[in-house]
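>>> Fold the stuff below for me.
(one chain, ligands or ions: 1)
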Amino acid sequence: MVEIKKGLEDVYVKETEITYIDGQLGRLYYRGYSIFDLAEFSSFEETSYLLLYGTLPTKNELEDYSNKLRKYRTIPDNLKTFLKSLPTNLNPMDVLRTSMSYLGMLERGNDPDAQIRVIASIPTIIAYYHRITDGLEPVEPSEELGHAENFLYMLKGKRPTKEEANALDKALILHMDHEMNASTFAAIVVASTLSDLYSALVAGIAALKGPLHGGANYEALKMFMEVGDPNKAEEYVIERLRSGKRIMGFGHRVYRTYDPRARILKNIAREITKNTQYETLYEIAERIEQAAIKLLSGKGIFPNVDFYSGIVFYALGFRPEFFPTLFASARVVGWMAQVNEYLKENRIIRPKALYKGEVGKPYKPIDER
Ligand code: ACO
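The predicted model follows:
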């Protein structure tokens, strides 16, 4: 008897000391630290160090690591030329995926800081293409600013407020890793063949692009925009579910309760939209959440990370089609941490498929078929 685990649900492919999800209680830990503490007290720099190297850094370690992140922000000139040569209506995830491939082509395979360089480069690629598609001149990174602050600086061409930088910093921490999700697994599959880092990350970006994974943040925002008025939210949810459509940003393979990342993002979204043109979007989201929870919580379906992240990214000035790239800019840390861990005891990933077709069919020449 062969049991087929569709979607590899509940299949364990490795042991890990990186991320623990308690899907029943709605808890998430990176290297044993609660996501609530990390989002409140840590920073992109510190949490990415923690995920990659296993411990919270000392002052000196954090300074060295942050200095490298600052130094490696500048992307190669030929990649800049390539980005400028692109049409301005491309899917930014395609642009990021191809840029990662481009960096991989240029890499000579002997850069000991390749992983830090990748983390540092992605925001520059995203901000570069964002500005090009806005018809603006790209802004070179600043070595004076923190990771999130610099990201927004490159996007807007001016220093963000402390609140804006904090909001992005926290949002990125929340997206950094999530155990064996589809994109992480895709990266591991590629890495397990002993292919190179960049190829594994290209696979991660490719998997994250889908609307059932990292593309859901954009889809969720589209729903809020479509509703337009908080008073129409409940009716919209009922009608959407009646017509067999899903509530985007809801449901999760592992969480059977409220995703802790969504809890934190909801607070960030409320704060960042307060007294701004985005306040109504937040109200719509909240009303959709209430209506959807009424109808779906019985099945263990609650908001996931993608429900409120789009509002945060939008209020910070990113266009919706760029949201999945922001997810990727953080998740790249998790992809690398998980790949590094897997490679310590590597075994090429090679599952099986149960053959249900016929065998031994007579081969017919083409004009007899
Ligand atoms: N809205 C309405 N119903 C839903 C939703 C949703 N968002 N999600 C799941 N369901 C229902 C399904 O219709 C199904 O119902 P049924 O048993 O009556 O047929 C049941 O819940 C189980 O759904 P599956 O698709 O089998 O659950 P799975 O664990 O495979 O899917 C997934 C998880 C893909 C995230 C799903 O919940 C979904 O499509 N959500 C919307 C997209 C989304 O938000 N994706 C982001 C996920 S988080 C991330 O990637 C960062």
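
>>> got the phi/psi numbers for the residue of the chain found nearest the ligand?
Here the residue of the chain nearest the ligand is residue 251; by Cβ to the nearest ligand atom that distance is 2.2 Å. Yep, even glycine has a C-beta here, placed from its N, CA and C like the rest. Residue 251 adopts backbone torsions of phi 90, psi 150, taken as degrees, to the nearest 10.

>>> Give the helix, strand or coil label for the residue lying closest to it once chain neighbours are set aside.
Leaving aside its chain neighbours, residue 251 sits nearest to residue 301 (4.5 Å; criterion: Cβ to Cβ, 6 or more residues apart in numbering). Here residue 301 is recorded as coil under DSSP: H, G, I helix; E, B strand; the rest coil.

>>> before we move on, the earlier item: thought the residue of the chain closest to the ligand was touching residue 307?
No: if you go by Cβ atoms under 8 Å, residue 251 and residue 307 don't touch, sitting 10.0 Å apart.

>>> who's more crowded, these two?
It is residue 307, of residue 251 and residue 307, that has more neighbours when counted by other Cβ atoms under 10 Å, with 31 against 22.

>>> helix, strand or coil for residue 11?
Quick answer, by three-state DSSP: residue 11 is coil.

>>> and residue 198, how far is that from residue 128?
Counting by Cβ to Cβ, to the nearest Å, the separation of residue 198 from residue 128 is 18 Å.

>>> if you count what's nearby, which of the two comes out ahead?
Taking neighbours as other Cβ under 10 Å, residue 198 and residue 128 compare with residue 128 leading, 23 against 20.

>>> Residue 35: how many residues sit nearby?
24.

>>> where's the nearest residue to it once chain neighbours are set aside, which helix or strand?
Among residues not flanking residue 35 along the chain, residue 28 sits closest, at 4.1 Å (Cβ to Cβ, 6+ apart). When elements are assigned from DSSP states H and E, residue 28 belongs to strand 27-30.

>>> Looks like residue 333 contacts residue 52 (just checking).
Yes: the criterion here is Cβ under 8 Å, and residue 333 meets it with residue 52 at 6.5 Å.

>>> Counting neighbours, go ahead and name the busier of these two.
The residue with more neighbours, out of residue 333 and residue 52, is residue 333; 25 against 19, by other Cβ under 10 Å.

>>> contacting residues around the more buried one?
Neighbouring residues of residue 333 by Cβ atoms under 8 Å, 6 or more residues apart in numbering: 47, 48, 51, 52, 119, 176, 177.

>>> now, among these, which is nearest to residue 283?
Closest approach to residue 283 among those (Cβ to Cβ): residue 176, at 28.9 Å.

>>> how about the closest one, what does it touch?
Counting by Cβ under 8 Å, 6+ apart, residue 176 touches 30, 47, 48, 51, 330, 331, 333, 334.

>>> Not counting its neighbours along the chain, what's nearest the third one?
Put plainly, it is residue 48. That would be residue 333: by Cβ to Cβ, 6+ apart, it lies 4.5 Å from residue 48.

>>> Thank you kindly, that will do.
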